[in-house]
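>>> Predicted coordinates and the sequence they were generated for:
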Amino acid sequence: MNIGNLHHFPADLNVGLGYDYTVNEYYQAIADVVGFRGTFVHNPDAPVGMTHKLMDITKAQTFGWSPDTSLQDGLKETYAGFLRYFAN
């Protein structure tokens, strides 16, 4: 994708996928990448925190941007980089 000259972009621009995942979906995606086969235990009495962290990508889309990396692929690349950097 040709995004043109970067000085045309706003100083702050959210990027994301344009849709959200649940906390458990994030947990499971990370577990799949790192090979964790256990279970997740939640404390229903603990504060929940934010229920959503969806990023609005409308402004980025007006510049022709769209996500080209899935959550799973991004996690795989991030974890591989972590292992390369810290496993040595």
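In hand now; what should we look at? Numbers count the residues shown, from 1 in each chain.

>>> residue contacts, the residue most central in space within the chain?
Among the residues of the chain, the one closest to the centroid is residue 71, at 5.5 Å (CA atoms, centre = their mean). When contacts are counted by CB atoms under 8 Å, 6 or more residues apart in numbering, residue 71 touches 17, 21, 26, 29. Quick note: C-beta positions are derived from backbone N, CA and C, even for glycine.

>>> in the longest helix along the chain, what counts as buried?
Longest among the helix segments of the chain by residue count, using DSSP state H, is helix 71-86. Applying a neighbour-count criterion of 16 or more other CB atoms under 10 Å, one finds 71, 75, 76 buried in helix 71-86.

>>> Stretch 36-53 too?
The neighbour-count check on stretch 36-53 (16+ other CB under 10 Å) flags nothing as buried.

>>> cool, and stretch 24-40?
Buried, per 16+ other CB under 10 Å, within stretch 24-40: 29, 33.

>>> Distance to residue 50 added to the contacts of residue 71, as TSV?
Putting the contacts of residue 71 into TSV (distance: CB to CB, whole Å) gives the following:
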residue	distance to residue 50
17	17
21	13
26	12
29	18
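
>>> for these, which one is nearest residue 61?
Taking CB to CB as the measure, residue 61 lies nearest residue 17 of the contacts of residue 71, at 11.6 Å.

>>> sec struct for the closest one, please.
Per DSSP: H, G, I helix; E, B strand; the rest coil, the secondary structure class of residue 17 is coil.

>>> List the contacts of the residue nearest to it when sequence neighbours are not counted.
Spatial nearest neighbour of residue 17, chain neighbours left out: residue 67 (4.9 Å); criterion: CB to CB, 6 or more residues apart in numbering. The neighbours of residue 67, taking CB under 8 Å, 6+ apart as the test, are 15, 16, 17, 18, 57.

>>> Could you double-check that the first one lies in contact with residue 59?
No. Because the distance of 9.6 Å does not satisfy CB atoms under 8 Å, residue 15 is recorded as not touching residue 59.

>>> Flag the shaky bits of this structure, pLDDT-wise.
1-9, 12-14, 51, 88 (pLDDT under 70).
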